[in-house]
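Chemist: here's a sequence, model it:
(2 chains, ligands or ions: 2)
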Amino acid sequence: MQLIPCPWCGPREETEFHYGGQAHVAYPADPAALSDEDWAEFVFYRDNPVGPFAERWAHTAGCRRWFNAVRDTVTYEFRSVYEMEGMVNDTGGAPFAMPDRVRVSRKTQREVAS
Amino acid sequence: MRSPDLPDHPDQLWRNPEPRRSYDVVIVGGGGHGLATAYHLARHHGITNVAVLEKGWLAGGNMARNTCIIRSNYLWDESSGIYEHSLKLWEGLEEELGYPILFSQRGVLNLAHSLQDVRDSVRRVNANRLNGIDAEWLDPAQVAEVCPIVNVSPEVRYPVLGATYQPRAGIAKHDYVAWGYARAASDLGVDLIQNCEVTGFDISDGKVTGVQTSRGRIAAGRVALCAAGHTSVLAERAGFRLPLQSHPLQALVSELLEPVHPTVVMSNAVHVYVSQAHKGELVMGAGVDGYNGYGRRGAFHIIERQMSAALELFPIFARAHLLRTWAGIVDVSPDASPIMGLSPVDGLYLNCGWGTGGFKATPGVGSCFAHTIANDRPHPYNAPFTLERFTTGALVDEHGAAAVAH
Ligand SMILES: Cc1cc2nc3c(=O)[nH]c(=O)nc-3n(C[C@H](O)[C@H](O)[C@H](O)COP(=O)(O)OP(=O)(O)OC[C@H]3O[C@@H](n4cnc5c(N)ncnc54)[C@H](O)[C@@H]3O)c2cc1C
Ligand SMILES: [Zn+2]
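Modeler: Ligands and ions are numbered 1, 2, ... in the order given. Alright, predicted model coming up:
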């Protein structure tokens, strides 16, 4: 169990959240123009990286709002959280730093958890 | 149901050769699937110039981490085909490999807890029987006859309304299965190379010609992927994507107990599955962790939910101590069915997407995947499981029968 920093509510327990998979997968701009292969890509294909991954989360048992996060899929550490409208930059980093009130060091996470 | 004396092993299980510079077939991943495929290539297709490259130690991935449940009671004809083919091979495997695997056909109960569960289960029983697969629908009293320690009282939060029962289903000792295949393949000339990670592929004119590894380049006529949860990482290095998401899947065992649990019990709705290992541990699994991960450790709340489900179903477990927990990384596909066959690169073959349920398929994968590699076309049993189905829409939707939430 770890704490996940909701951009609006601050650090809350993992069990309050729902996972929404890869972030920034835009609905096709011109759906009628898509080939079967394009549709397969849009519906079924998602990145599956080892390391930082930009993904969507919902704080379902809290404020019920969606947000984006960059999380490491090996250490599970949340590197940043940001609003749905934000776009990741090329390095997979977030456009905004985590707001102060939700930035949780690993040490604090451990302290709060124990 | 319990064999207190586990069999002895031979002094040598397999050779540990240095990798050669070139092979007819290189198999990436030394889990059960890679080993069984190598064995079938050598034994049944006469292709013995084969290497299995394993980045860690042989069969230390999901093969060493799974809960060993073997059954073939899936819903669709396509799945029935390959899983029942596999179950029939399990029934003769000890003889075929000349090695003890402790295959125990103690039956599997899949519990139903709601009216919809009941309807889906009865439908699946009928579908199984039409495919010649042993399946029965049991009412709660009959469930208690098969497994007296299941709480079939109507008083609990999710009462047991009945169960599907496959008597030929069961468990086998996963390590012995791997070692049996490894030994037989090694004896037939297959090189099993441990501590050898495949880091890239040599591809020219759309055809694979070799692999780059942590122990140098190895030329290969054909390359077969058997890397389970890490397959999409490898596919990316070969220049294509796969519709897979990797998740931790956890399991745990209790301390050793006297024989109390005669069969295998699975519950989709409250989500736990339990059997008792040959030595006496209760072996339990749950659903996958909700998010992508490669960390080989899981979230604690999954264990907590799984334990509360187990206690409600089996009040007798209340004082059992938990001994160990661990996780494997499983590759989940969008329709909960495997992807097996050719890939966008010539001579590079795919076997992945088995997710939470590929142990039971190990002999079937060996037989069908070896056929696919040897003939450059799928075996009839894996023909429906191509990558193209995500484009054509011919999905094999087994979420209901896959039995593990994902
Ligand atoms: C907790 C748990 C419970 C499960 N329970 C069941 C069950 O009850 N019944 C059932 O049917 N199935 C079950 N499964 C699923 C089953 O274990 C897998 O589907 C199956 O083992 C996958 O095939 P494999 O044995 O070849 O995979 P693995 O044993 O994982 O083999 C893949 C191998 O590839 C290696 N590898 C990866 N990348 C590279 C690389 N780049 N270079 C070289 N080697 C590489 C890995 O180290 C690994 O050894 C369970 C899985 C888990 C994790
Ligand atoms: Zn919130």
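Chemist: give me the below-cutoff pLDDT ranges for the chain.
Modeler: Picked chain A for this. A:86-114 (pLDDT under 70).
Chemist: let's do chain B instead
Modeler: The low-confidence ranges in chain B, as defined by pLDDT under 70, are B:1-4, B:403, B:405-406.
Chemist: tell me the residue in it that is farthest from the middle.
Modeler: B:E155 (35.1 Å; CA atoms, centre = their mean).
Chemist: quick check: it vs chain A, distance?
Modeler: 27 Å (CB to the nearest CB, to the nearest Å). From N, CA and C alone the C-beta is placed, and that goes for glycine too.
Chemist: quick one: that residue and B:M307, what's the gap?
Modeler: Counting by CB to CB, to the nearest Å, the separation of B:E155 from B:M307 is 20 Å.
Chemist: what sits against the residue farthest from the centre of chain B?
Modeler: Under the criterion of CB atoms under 8 Å, 6 or more residues apart in numbering or on different chains, B:E155 has no neighbours.
Chemist: near chain B, which residues of chain A are found?
Modeler: A:1-2, A:14-15, A:18-19, A:21, A:36-37, A:39-41, A:43-46, A:48-50, A:53, A:55, A:71, A:73-76 (CB under 8 Å from any CB of the partner chain).
Chemist: out of those residues, which are buried?
Modeler: A:2, A:14-15, A:19, A:40-41, A:44-46, A:48-50, A:53, A:55, A:71, A:73, A:76 (16 or more other CB atoms under 10 Å in any protein chain shown).
Chemist: now, which of the residues you listed lie within strands?
Modeler: A:19, A:53, A:55, A:71 (DSSP state E).
Chemist: from those residues, which single one is nearest A:C63?
Modeler: A:Y19 (16.4 Å; CB to CB).
Chemist: need the contact list for that closest one.
Modeler: A:55-57, B:290-291.
Chemist: by neighbours, which of those wins?
Modeler: Neighbours here mean other CB atoms under 10 Å in any protein chain shown. Within the contacts of A:Y19, the largest count is held by A:W57, at 25 neighbours.
Chemist: from ligand 1, how far out is B:V260?
Modeler: 19 Å (CB to the nearest ligand atom, to the nearest Å).
Chemist: got it, and B:Y176?
Modeler: 14 Å.
Chemist: and that residue, what helix or strand is that in?
Modeler: Element membership for B:Y176 (DSSP states H and E) is helix B:174-187.
Chemist: now swap in A:D38 and tell me
Modeler: Secondary structure (DSSP H and E) places A:D38 in helix A:36-44.
Chemist: against which helices or strands is that helix packed?
Modeler: Counting contacts by 3 or more CB pairs under 8 Å, 6 or more residues apart in numbering or on different chains; DSSP states H and E, helix A:36-44 is packed against helix B:389-392.
Chemist: close to chain A, is the helix it packs on?
Modeler: Yes. For helix B:389-392 and chain A, the contact criterion (CB under 8 Å from any CB) is met by B:390-392.
Chemist: and the stretch 301-406 of chain B, which residues reach chain A?
Modeler: B:301, B:334, B:390-392.
Chemist: quick check: the farthest pair among the contacts of A:Y19?
Modeler: A:R56 and B:G290 (12.3 Å).
Chemist: for the chain, just list every one of the helices.
Modeler: The chain I'm using is chain A. Assigned helices in chain A, in chain order: A:36-44, A:106-113 (criterion: DSSP state H).
Chemist: um, chain B though
Modeler: B:32-44, B:62-65, B:77-91, B:93-97, B:115-130, B:140-146, B:174-187, B:231-237, B:300-313, B:362-375, B:389-392, B:399-402.
Chemist: just those: most buried one?
Modeler: Among those, judged by mean count of other CB atoms under 10 Å in any protein chain shown, the one packed with the most neighbours on average is helix B:32-44 (a mean of 28).
Chemist: that one to helix B:174-187, inter-axis angle?
Modeler: 40 degrees (axes from the mean of the first three to the mean of the last three CA atoms, to 10 degrees).
Chemist: for helix B:32-44, packing partners?
Modeler: strand B:22-28, strand B:50-53, helix B:174-187, helix B:362-375.
Chemist: now these in a markdown table, with distance to ligand 2?
Modeler: Shown next, in a markdown table, are those (distance: least, CB to the ion, whole Å):
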| stretch | distance to ligand 2 |
| --- | --- |
| strand B:22-28 | 42 |
| strand B:50-53 | 46 |
| helix B:174-187 | 42 |
| helix B:362-375 | 44 |
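Chemist: out of the ones you listed, which gets nearest to B:C226?
Modeler: Distance to B:C226, taken as CB to CB, is lowest for strand B:22-28 among the helices and strands packed on helix B:32-44, at 5.7 Å.
Chemist: need the contact partners of the helix holding B:Y176.
Modeler: By CB under 8 Å, 6+ apart, helix B:174-187 touches B:9-10, B:13-15, B:30-32, B:35-36, B:38-39, B:42-43, B:50, B:52, B:58-59, B:63-64, B:66, B:68, B:93-94, B:97-102, B:192, B:359, B:362, B:366.
Chemist: and the residues of helix B:389-392 next to chain A, which is closest to ligand 1?
Modeler: B:F390 (19.3 Å; CB to the nearest ligand atom).
Chemist: I'd say that closest one and B:S337 touch.
Modeler: No. B:F390 is not in contact with B:S337 according to CB atoms under 8 Å; the separation is 10.6 Å.
Chemist: next up, the contacts around B:R222.
Modeler: B:24-26, B:208, B:347-349, B:373.
Chemist: and if we set it to 10 Å?
Modeler: B:23-27, B:41, B:47, B:50, B:207-208, B:346-349, B:373-374, B:376 (CB atoms under 10 Å, 6 or more residues apart in numbering or on different chains).
Chemist: again with B:T356
Modeler: So B:T356 contacts B:62, B:66-67, B:69, B:247, B:249, B:285-288, B:328, B:330-332, B:336, B:402-406 (CB under 10 Å, 6+ apart).
Chemist: quick one, which of these are buried?
Modeler: If we count by 16+ other CB under 10 Å, the contacts of B:T356 have these buried: B:62, B:66-67, B:69, B:247, B:249, B:285-288, B:328, B:330-332, B:336, B:402-404, B:406.
Chemist: would you state the strands of the stretch 151-300 of chain B in chain order?
Modeler: Using DSSP state E, counting those that start in this stretch, the strands of the stretch 151-300 of chain B run over B:162-166, B:170-171, B:191-193, B:198-204, B:207-213, B:216-225, B:245-256, B:264-267, B:272-276, B:281-288.
Chemist: direction included, what does the longest one pair up with?
Modeler: The reference is to strand B:245-256. With DSSP bridges as the test, strand B:245-256 is paired with strand B:281-288 (antiparallel), strand B:322-332 (antiparallel).
Chemist: rebuild these as JSON lines, extending it with distance to B:G162.
Modeler: Shown next, in JSON lines, are the strands paired with strand B:245-256 (distance: least, CB to CB, whole Å):
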{"stretch": "strand B:281-288", "distance to B:G162": "22"}
{"stretch": "strand B:322-332", "distance to B:G162": "28"}
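Chemist: of these, which is nearest A:P7?
Modeler: strand B:281-288 (26.4 Å).
Chemist: what sits closest to B:L395 if chain neighbours are left out?
Modeler: Computed as CB to CB, 6 or more residues apart in numbering or on different chains, the closest residue to B:L395 that is not its neighbour in sequence is B:D335, at 4.1 Å.
Chemist: before I go, just wanted to say thanks for your time.
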